[in-house]
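Peer 1: what would the 3D arrangement of this be:
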Amino acid sequence: MVRFYTRQGDQGETGLLGGARVGKDALRVEVYGNVDELASHLGLVESRLDRSLKDVTEILVRLQDELFMLGAELATPKGAKLPARRIEERHVQRLEEELDRLSAPIGALGSFVLPRGTEAAAELHVARTVARRAERSLVRLAREETLREVLLCYLNRLSDLLFALALTVNRAAGFVERPPDYSR
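Peer 2: Below you'll find the predicted structure:
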């Protein structure tokens, strides 16, 4: 019988790749926990997405794969050998290409827009905020130890892409974005 528990974390510690143990409240664990939460939100988005948006589904699944690569690197302690598959500049470039493609039909926004719309779009806005939280925690970790700069670039572009995806999903559903009403 396979067990889904090890009892090794019962004292408030968790294992990093390579076997090192750290507190579950360690900043590194917080960062990869935020990345894991983001990947889970993307799964929720996919479950709520109109099935006709196959290109968006493909992007979301690929992003989940990439977030697992990012999480593996973040779960690797300083000084240990990094996983063979990791986020590279090509991943950032692909995010930028998708951003350019998705934002072209939307055009320039004259103001902020409220994070709302279809269920999938609203969840993409939540995912965007989780990506920003992951980015902030990664910045804190980068102040404590040397990290590859591409990781920060990746999370920064990813949150932008999630915003563009939310607008794209809303547009496909005929939902009209609305700026905040500051007069209330």
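Peer 1: what's the next secondary structure element after the longest helix anywhere in the chain?
Peer 2: In terms of residue count, the longest helix belonging to the chain (DSSP state H) is helix 119-144. For helix 119-144, the succeeding helix or strand toward the C-terminus, using DSSP states H and E, is helix 149-172.
Peer 1: pull the distance from that following helix to the chain's centre.
Peer 2: Centroid separation for helix 149-172 versus its chain: 8 Å, with C-alpha atoms, centre = their mean, to the nearest Å.
Peer 1: for it, output the C-alpha coordinates as CSV.
Peer 2: Extracted in CSV, the C-alpha atoms of helix 149-172 (Å, rounded to 0.1, in the frame of the first residue of the first chain):
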residue,chain,number,x,y,z
GLU,A,149,18.0,36.5,-12.3
VAL,A,150,15.9,34.7,-14.9
LEU,A,151,13.6,33.5,-12.1
LEU,A,152,12.6,37.0,-11.2
CYS,A,153,12.1,37.9,-14.9
TYR,A,154,9.9,34.8,-15.4
LEU,A,155,7.6,35.6,-12.5
ASN,A,156,7.3,39.2,-13.5
ARG,A,157,6.3,38.4,-17.1
LEU,A,158,4.0,35.6,-15.9
SER,A,159,1.9,37.9,-13.9
ASP,A,160,1.6,40.2,-16.9
LEU,A,161,0.6,37.2,-19.0
LEU,A,162,-2.1,36.2,-16.5
PHE,A,163,-3.6,39.7,-16.8
ALA,A,164,-3.6,39.5,-20.6
LEU,A,165,-5.2,36.0,-20.4
ALA,A,166,-7.9,37.4,-18.1
LEU,A,167,-8.7,40.1,-20.6
THR,A,168,-8.6,37.6,-23.5
VAL,A,169,-11.0,35.2,-21.7
ASN,A,170,-13.4,38.1,-20.9
ARG,A,171,-13.3,39.4,-24.5
ALA,A,172,-14.0,35.9,-25.9
